[in-house]
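S.K.: Pasting a predicted model and its sequence here:
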Amino acid sequence: MDILGVIPARYASTRFPGKPLVDIAGKSMIQRVVEKCLASKVFRKVVVATDDERIYDHVEALGYNVVRTSADHLSGTERCHEALKMDEGSYDFLINVQGDEPFIAPEQIQQLASVLDRKSEIATLIKVIDKLEDLENPNVVKALKADGGLALYFSRSSIPHMRNIPTEDWMKSHQHYKHIGIYAYRVDILSKIVTLAPTPLELAESLEQLRWIENGFRIKTAITDQETIGIDTKEDLEEALKLLEAGEIK
């Protein structure tokens, strides 16, 4: 199975401008993401897709594959699709590894790739929630799945609602999952979902994957037991540097 790895990266982040180029213990954030992708050994090719000349020049200087994409994309999914169209290779799947996930484990990428087959449309990772504050945090996206692993819904709220159960007992009463934002798309499905208009549930939750579910596409989930630490703010970076120095992440 031929898989293209695409790392969408943009400079103009509202909360942390320039974060793909920020130094993390001697390596840029984007360099760390590329290295994790290459270490997974699941890709025929890994490419960074960016609309910024500074990121492009940096990745090119490191000797990695990089393409310049439109500045008009509204999501990483659209940027991945453009990178796919620009590539001359033929692939079965594309895996989108976010450019602000410098500590994603190669094993997690391998796990996602391992659940793909010819019938798979979209796949992603989820993890058991082990902290009550994560259930109550709207920035932690929750996932609800069927027994067979297909995603039923994603929400910023705790799902399902635990009726008549005290909040402190929610985790004892039900297995809750959070979403890990790495996606695999069958290439023909990717070409379809980028043409879809925003949907009511997506707009309500501000979660792009709900657009796909509302349009009938199936999202397969795989459960990882490894945590990821995304870098959305300078505070996230400071906390990650502490964990890195303590040897708790790598």
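M.R.: Thanks, I have the structure now. Residues are numbered from 1 along each chain as shown.
S.K.: how about residue 178, secondary structure?
M.R.: Three-state assignment for residue 178 (DSSP: H, G, I helix; E, B strand; the rest coil): strand.
S.K.: Enumerate every residue touching it.
M.R.: Under the criterion of C-beta atoms under 8 Å, 6 or more residues apart in numbering, the contact list for residue 178 reads 126-127, 129, 134, 140-143. Heads up, the C-betas are built off the backbone N, CA and C, glycines and all.
S.K.: again, only this time at 6 Å
M.R.: 127, 129, 140, 142 (C-beta atoms under 6 Å, 6 or more residues apart in numbering).
S.K.: Most neighbours among these, please name it.
M.R.: Neighbour counts for those peak at residue 142, which has 22 neighbours (criterion: other C-beta atoms under 10 Å).
S.K.: OK, contacts around that one?
M.R.: 155, 159, 178 are the contacts of residue 142 under C-beta under 6 Å, 6+ apart.
S.K.: Same list, those residues, but as CSV with pLDDT and distance to residue 215 please.
M.R.: Converted to CSV, those look like this (pLDDT from 0 to 100; distance: C-beta to C-beta, whole Å):
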residue, pLDDT, distance to residue 215
155, 98, 18
159, 95, 20
178, 95, 24
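S.K.: Just the closest of these to residue 38, please.
M.R.: Nearest to residue 38 among the contacts of residue 142 is residue 178, at 26.5 Å by C-beta to C-beta.
S.K.: give me the beta-bridge partners of the closest one?
M.R.: Residue 178 has the following beta-bridge partners by DSSP bridges: residue 127, residue 142.
S.K.: any idea how far residue 197 is from it?
M.R.: 27 Å (C-beta to C-beta, to the nearest Å).
S.K.: Kindly report the same for residue 151.
M.R.: Residue 151 sits 21 Å away from residue 197, taking C-beta to C-beta as the criterion.
S.K.: Name the residue in these two with the higher neighbour count.
M.R.: The residue with more neighbours, out of residue 151 and residue 197, is residue 151; 24 against 7, by other C-beta under 10 Å.
S.K.: Could you check how far the more buried one is from residue 167?
M.R.: Counting by C-beta to C-beta, the gap from residue 151 to residue 167 is 25 Å.
S.K.: Over to residue 52?
M.R.: 43 Å.
S.K.: Kindly confirm my reading that residue 66 forms part of a strand.
M.R.: Yes. With three-state DSSP as the criterion, residue 66 is located in a strand.
S.K.: For residue 143, see how far away it is.
M.R.: Residue 66 is 31 Å from residue 143, by C-beta to C-beta.
S.K.: I am finished for the moment; much appreciated.
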